[in-house]
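1. how would this look folded up:
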Amino acid sequence: KVVLTIDTEFWPGIEHWPNHEAARPLAGLDEAYQQCILGRTLLGDYGLPYLLQSLRRCSLHGVFFVESLSSTAIGEELLRRTVREIVDAGQEVQLHLHTEWLSDVAVPGLALKHRQNISDFSLEDQTTIVRYGLATLRDAGAHNVTAMRAGNMGGNVDTPVAARAAGLRLDMSFDPTRGTAMRSLLRALRDGLHGENACPTVPLSFVQDYAGHYRPANLTALSFRELRRAMLIAAREKWPYFVILLHSFELVARGGHRREPVRPHPINIARWNSLCSFLARHREVFATIGCDELETLGKSAHLPAVIRTLPAETAWRMGEQLVSWFF
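-> Below you'll find the predicted structure:
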């Protein structure tokens, strides 16, 4: 089972944000939305509209983790627009939380301060944040929200407990490539560290590209060849699932603060199109699923034997990365 997860988020076009000295209301939000959510370029949209069209064309299922804390800071209309577009396309909306937005959000019962990750908060505060973000996302039109992912994959030992306390059934806030301590934590969660008090945890899949070095199954971290080989090995070894991550803005090369035009990113677009075509051609082996089905696949925190990439495929990816510097 393949879980195509798309973190759907955007940021104010303000240098060093969160910046409390910046004027309020925050400037450049429409432009940031067009860049990061719509992927708008002079050649067309390569963000959410393009991703949804690709999934529809190939009859694939995507799980869109939509960031919701931003809506209280900047208004609900953009969040409603995002949720409506995903739901109307027959795809799945789940909860994404970037706590950086709390510098501009008045969350009832939560002392406001900027912290990068949800792991920087206590269990009580994490629970408040998740409940608040969940209510906001549901108010925007997402009705079957059962899972969450912390922004920056920044969860900790308390995050699955906070998710359960807030009424969710699945947490996907962990990237095993973050080090041995993270992998040890995932094993402890898998083995029932919190018992029934925590949601099952489904981590991002990953590979090893050279001794002692790991890369996540992220569209920008692996070439399509590396992803394809990893999925084939996972199928052969009967993994219960393979989780892939991309972001709504990764098919464009953004101008950032230098104000260059936003351009399509040909390498990432090619990777995405190749992935979709491969999954469509081999759907009898690689079914794309949502969080409801993911819940039924057994123990959480599946950490199988590490898949190693082939040197030639890794060299190809490094070549792609070198070429991308010139975009």
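2. For residue 245, see how far away the closest residue to residue 275 other than its chain neighbours is.
-> Excluding the flanking residues, the one nearest residue 275 by CB to CB, 6 or more residues apart in numbering is residue 224, at 6.0 Å. (Glycine included, C-beta is placed from N, CA and C.) Applying CB to CB, to the nearest Å, the value for residue 224 to residue 245 is 15 Å.
3. try residue 108
-> 31 Å.
4. got it, and residue 311?
-> For residue 311 relative to residue 245 (CB to CB), the value is 24 Å.
5. Those two: which has the busier surroundings?
-> Between residue 311 and residue 245, counted using other CB atoms under 10 Å, the more crowded position is residue 245 (23 against 10).
6. That one: helix or strand, and which one exactly?
-> Using DSSP states H and E, the element containing residue 245 is strand 242-247.
7. Output the contacting helices and strands for that strand.
-> For strand 242-247, the elements it packs on are strand 2-8, helix 224-236, judged by 3 or more CB pairs under 8 Å, 6 or more residues apart in numbering; DSSP states H and E.
8. Could you rerun that using 6 Å?
-> strand 2-8 (3 or more CB pairs under 6 Å, 6 or more residues apart in numbering; DSSP states H and E).
9. angle of the strand it packs on against strand 242-247?
-> 20 degrees (axes from the mean of the first three to the mean of the last three CA atoms, to 10 degrees).
10. send the alpha carbons of strand 2-8 over as CSV?
-> Output of strand 2-8 as CSV, limited to C-alpha atoms (Å, rounded to 0.1, in the frame of the first residue of the first chain):
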residue,chain,number,x,y,z
VAL,A,2,1.4,3.4,-1.0
VAL,A,3,0.4,6.5,0.9
LEU,A,4,1.0,9.7,-1.2
THR,A,5,1.1,12.5,1.4
ILE,A,6,1.1,16.1,0.3
ASP,A,7,1.9,18.8,2.9
THR,A,8,-0.2,21.8,1.8
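11. So which elements touch that strand?
-> Using 3+ CB pairs under 6 Å, 6+ apart, strand 2-8 sits against strand 62-67, strand 242-247.
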